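Asks: need a structure here:
(one chain, ligands or ions: 3)
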Amino acid sequence: MDIFRARRIRLLAEMTARGGGVAVVSTAPERERNRGVFFPYRADSHFFYLCGFREPEAVLVLITGDSPRQFLFCRAKNEEQETWVGYRHGPEAAAERFGFDSAWPIDEFDRKLPELLINQPALWTNLANEPEWDRRILAAIKAVRGKVRSGDTAPQTVHEISAMLDEMRLLKDEFEIAIMRRAGEISAAAHCRAMRATRPGRLEYEIEAELLYVFRAAGSQFPAYTSIVASGPNACVLHYTNNDRRMLDGELLLIDAGCELDGYASDITRTFPVNGRFSSPQRDIYQLVLAANLAARAKVRPGNSWNAPHEAAIAVLTQGFIDLGLLKGEAQELIQTQACRRFYMHRTGHWLGLDVHDAGQYKVNGQWRPFATGMALTIEPGCYIRPADDVSEAFWNIGIRIEDNVLVTPDGCEILTDGVPRDIEGIEELMRDQIQA
Ligand code: GLY
Ligand code: MN
Ligand code: MN
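Replies: Ligands and ions are numbered 1, 2, ... in the order given. The predicted structure is shown next:
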């Protein structure tokens, strides 16, 4: 509770520095999957970051001033609903447990918000996120304007609050880092189990089941995203998620999967041979992608540009593609023309945190931002070779990505996903220790 309250106090201070006003941050709505069946509920990341409260139908209101105020609107207690769906805190218990000055039933939000906005200079909110919340917030501003003849004024400015929250979320605190370390460990253990369970003839979804089993058995609440379990040619489909193909001897299996633990994502990719032994062409491409991964991570340290790991990966991959005969020409020129995009068409990473593609700008004032201690990101170079007349058949359908999660530390970085091997010897050794299906 203290951590979340401290974050709200920091946000209030930032708002005060920019002229003060009222912040309104709503959580995510529940979403119906089909006829009365709902998707598993997940709170909005900004909202969760500020209060740690996981129930739907909740809004946080912060007001700057000499004595700043922190309010929560949430679902009222309801014995019948609690019998059907489960416990809800109700305003009184929520205010106490989550450290708010007061809390009210969500049903009072539309009536109460205009009162809270009266004579405030500005409103700060997460706009253009949920149309229904935009409508309710604008209705509240209009309601205050209606009181002009009583001498009251409505906020004259509406600020997008996400920019401030994105920046706060970019630097992880010790509490977040501890969760992210654990999420990385769980996901690494899941990948180890998947490697040990893979063999020719099994189905991709059987391996997906092994991953999900480890995630959940270790206490994680969800997969952070739909797991990619892509064998053979499917490994060259970047967002493949059908996971329903039978894996054949001699193919590779690419798994991109990570758990979400207490709100925080992990995001690991490993690629390994279905039969436990890399073939010679697979080995060539694998070593190249691994070299790109290591070169990229070596660039992660405070002060270096966000783009430095990507540039390092591109340089290694481009030279490697030339050496293997996949590209023809001179390295500098091929880097200039981004020739490697034919086989490596995505970027080398993204911020990681509450969202798998986490909050935070990548450029500031038009320049790639420098790394700073506490930032968390992925490093994920890859290589995807589709069949083509001008490509040696030995490389057809090889799709390889090696993705790790990295925390920027004062003297470089910490790898959060070392729990699963990424070198050929380590993978082959682990796969010799099969688990029975
Ligand atoms: N699994 C999503 C990503 O790697 O960005
Ligand atoms: Mn990723
Ligand atoms: Mn991934």
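
Asks: what is the helix or strand hosting V144 packed up against?
Replies: Assigned by DSSP states H and E, V144 falls within helix 131-145. Applying 3 or more CB pairs under 8 Å, 6 or more residues apart in numbering; DSSP states H and E, we find helix 131-145 packed against helix 109-117, strand 122-125. C-beta coordinates here come from the backbone N, C-alpha and C atoms, glycine included.

Asks: mean neighbour count, distance to ligand 1 and mean pLDDT added to the ones you listed, as JSON lines?
Replies: Formatted as JSON lines, the helices and strands packed on helix 131-145 follow (neighbours: other CB atoms under 10 Å; distance: least, CB to the nearest ligand atom, whole Å; pLDDT from 0 to 100):
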{"stretch": "helix 109-117", "mean neighbour count": "18", "distance to ligand 1": "35", "mean pLDDT": "97"}
{"stretch": "strand 122-125", "mean neighbour count": "23", "distance to ligand 1": "28", "mean pLDDT": "97"}
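
Asks: any chance of these in JSON lines, plus distance to Y225?
Replies: Below are those laid out as JSON lines (distance: least, CB to CB, whole Å):
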{"stretch": "helix 109-117", "distance to Y225": "32"}
{"stretch": "strand 122-125", "distance to Y225": "27"}
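
Asks: between those, which gets nearest to ligand 2?
Replies: strand 122-125 (29.2 Å; CB to the ion).

Asks: the closest one pairs with which strands, parallel or anti?
Replies: According to DSSP bridges, strand 122-125 forms sheet pairs with strand 22-26 (parallel), strand 157-160 (parallel).

Asks: which parts of the helix or strand just after the last one are buried?
Replies: Toward the C-terminus, strand 157-160 is succeeded by helix 162-170 as the next helix or strand (DSSP H and E). With burial defined by 16 or more other CB atoms under 10 Å, the residues of helix 162-170 counted as buried are S162, M164, L165, D166, M168, R169, L170.

Asks: could you do stretch 346-359 as well?
Replies: T348, G349, H350, W351, L352, G353, L354, D355, V356, D358, A359.

Asks: re earlier: what two of the buried residues of helix 162-170 are the furthest from one another?
Replies: Within the buried residues of helix 162-170, two members stand farthest from each other by CB to CB: S162 and L170, at 12.0 Å.

Asks: overlap of the contact sets of those two?
Replies: Between them, S162 and L170 share these contacting residues under CB atoms under 8 Å, 6 or more residues apart in numbering: A359.

Asks: hang on, T241 packs against E208?
Replies: No. T241 lies out of contact with E208 (CB atoms under 8 Å); the separation is 9.2 Å.

Asks: helix, strand, or coil at the residue in the stretch 101-250 of the chain that ligand 1 sits nearest to?
Replies: With CB to the nearest ligand atom, the shortest gap between the stretch 101-250 of the chain and ligand 1 falls at Y225, namely 5.1 Å. The three-state label given to Y225 by DSSP: H, G, I helix; E, B strand; the rest coil is coil.

Asks: quick one: contacts for it?
Replies: Y225 sits next to G258, A265, D267, V356 when contact means CB under 8 Å, 6+ apart.

Asks: just G184 next, same as before
Replies: Applying CB under 8 Å, 6+ apart, the residues near G184 are S266, I268, N405, L416, T417, G419.

Asks: change it to 6 Å
Replies: Neighbouring residues of G184 by CB atoms under 6 Å, 6 or more residues apart in numbering: S266, N405, L416, T417.

Asks: right, I'll leave it there.
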